[in-house]
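Novice: got a predicted structure plus its sequence, pasted below:
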Amino acid sequence: MKKIITIIGARPQFIKASVVSDALKKNKKIQEIIIHTGQHFDSNMSDIFFNELTIPMPDYTLNIHSSSHGEMTANMLIEIEKILILEKPKAVIVYGDTNSTLAGALAASKLHIPIIHIEAGLRSFNMGMPEEINRILTDNVSSILFCPTETAVNNLQKEGFSSRQVKIINVGDVMEDSALYFSQLAKKPSEFKSMKNFILATLHRAENTDNKNRLSEIVNALNHIHKNIYPVVLPLHPRTNKMLKQHKLHLDVHLIEPVGYLQMLWLLQNTNLVITDSGGLQKEAFFFKKPCVTVRDQTEWIELIELGVNTLSDTKSENIIKAVKGFINTDIRYINSIYGGGTAAKKIANEIEKLL
Ligand code: UD1
Ligand code: UDP
């Protein structure tokens, strides 16, 4: 058996890992060991995904969360290193751009264990974002860079990766695999009251929640949209919950607890429009042909802007409202070639098989 270690810790990573783990399982010669750093730990931010998406239970759970970036990453690095020394895997898989990603990549690189980065090459070109730092550093120590888009491949080429001893492959986006695979299992959130038209919103990006002015502008916009356009349904991320309380801001919309992925898919299938600052939601809106207003100054998923299915808005209330009004009844064209059409996990598993 060839041992491979997957390191995950945050909500979107569970969703991505579910389809890749499933594809890896089909290869009887690969043994996957899962480390859950514990970065996300509430049952509706973690357990629910393992249970509903039948992800294998983590072999190691580190319970490291809720501290500063440096402390969190450092503690993860220490604990992951111990496991890597003990387990001696042939390679390590990391996903995306969280602190768990960076800690896993640093631990493996110091032990000269090949790193497989899934969702490599994405750039916002905003070094103020913790995610931009995490993804650039992770890409730079990885041996296999599985890119979700051509844009991501181009970003790496521009940074000189083509002349290095690394493999860069555009496999498509594993989130499209997940969305397609699990969409038949979508289920209505139990606390959701019957509504014909509604807007689905999510908000958690640190640059929005941790700045009182930006957060207050977004809150005002969502309250206005809820009252005057369509009801806004918002599964509240724990970071946003904390920051709303800290800044004494009141979101007067239909707030619900974070939901599982299957409930989220139902909300996506039934909404009229998505307002978000999430990376994953931007693409899921597209997969379900819903217009999306992204409340950020830039996006890594630039092809959606070029296609006219996603529009960026700064955080000014009036601009968010204007973007929503202008976009609400837009027909969205879905093109399955942009993100690979749901074949990313299979391609990743095939490549990993060749590597080991
Ligand atoms: C993290 C990622 C971000 C990703 C997001 C997905 C980093 C730097 N950020 O942001 O890229 O988009 O996950 O959702 O890695 N909390 C709870 N319960 C939980 C999880 C978090 O209460 O289950 C609280 C934490 O205690 C902390 C806050 O939420 O106070 C933020 O959590 P953290 O993991 O640091 O960052 P996210 O904002 O979740
Ligand atoms: N998601 C979920 N429940 C929620 C909010 C989001 O299952 O209450 C899913 C969402 O559908 C997407 C992923 O979590 O698949 C995105 O995670 P998040 O927005 O937390 O992180 P990002 O993608 O911005 O890193």
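Specialist: Yes, it's here. All figures in this text were calculated on a predicted structure; none of them were measured in a lab. Ligands and ions are numbered 1, 2, ... in the order given.
Novice: okay, helices next: where are they in the stretch 251-356 of the chain?
Specialist: 261-270, 279-287, 302-306, 317-327, 344-355 (DSSP state H, counting those that start in this stretch).
Novice: let me have the ones you listed in TSV, extended by distance to ligand 1, mean neighbour count and mean pLDDT.
Specialist: In this view, the C-beta of every residue, glycine as well, is placed from N, C-alpha and C. Listed next are the helices of the stretch 251-356 of the chain as TSV, based on distance: least, Cβ to the nearest ligand atom, whole Å; neighbours: other Cβ atoms under 10 Å; pLDDT from 0 to 100:
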stretch	distance to ligand 1	mean neighbour count	mean pLDDT
helix 261-270	12	20	97
helix 279-287	6	24	98
helix 302-306	17	17	97
helix 317-327	20	18	97
helix 344-355	19	19	95
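Novice: nearest to Val94, of those?
Specialist: Among the helices of the stretch 251-356 of the chain, helix 344-355 comes nearest to Val94, with 12.6 Å by Cβ to Cβ.
Novice: elements contacting the closest one?
Specialist: Applying 3 or more Cβ pairs under 8 Å, 6 or more residues apart in numbering; DSSP states H and E, one finds that helix 344-355 contacts helix 11-25, strand 91-95, strand 115-118, strand 144-147, strand 167-170, helix 174-182.
Novice: repeat the analysis, applying 10 Å as the threshold.
Specialist: Where contact means 3 or more Cβ pairs under 10 Å, 6 or more residues apart in numbering; DSSP states H and E, helix 344-355 is packed against strand 2-8, helix 11-25, strand 30-36, strand 91-95, strand 115-118, strand 144-147, strand 167-170, helix 174-182.
Novice: go through the helices of the stretch 251-356 of the chain and name the closest to Asn228.
Specialist: helix 317-327 (8.3 Å).
Novice: follow-up on the earlier one: what would the helices and strands packed on helix 344-355 look like in CSV with mean pLDDT?
Specialist: What follows is those, written out as CSV (pLDDT from 0 to 100):
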stretch, mean pLDDT
strand 2-8, 97
helix 11-25, 97
strand 30-36, 97
strand 91-95, 98
strand 115-118, 98
strand 144-147, 98
strand 167-170, 98
helix 174-182, 98
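Novice: appreciated, that's everything.
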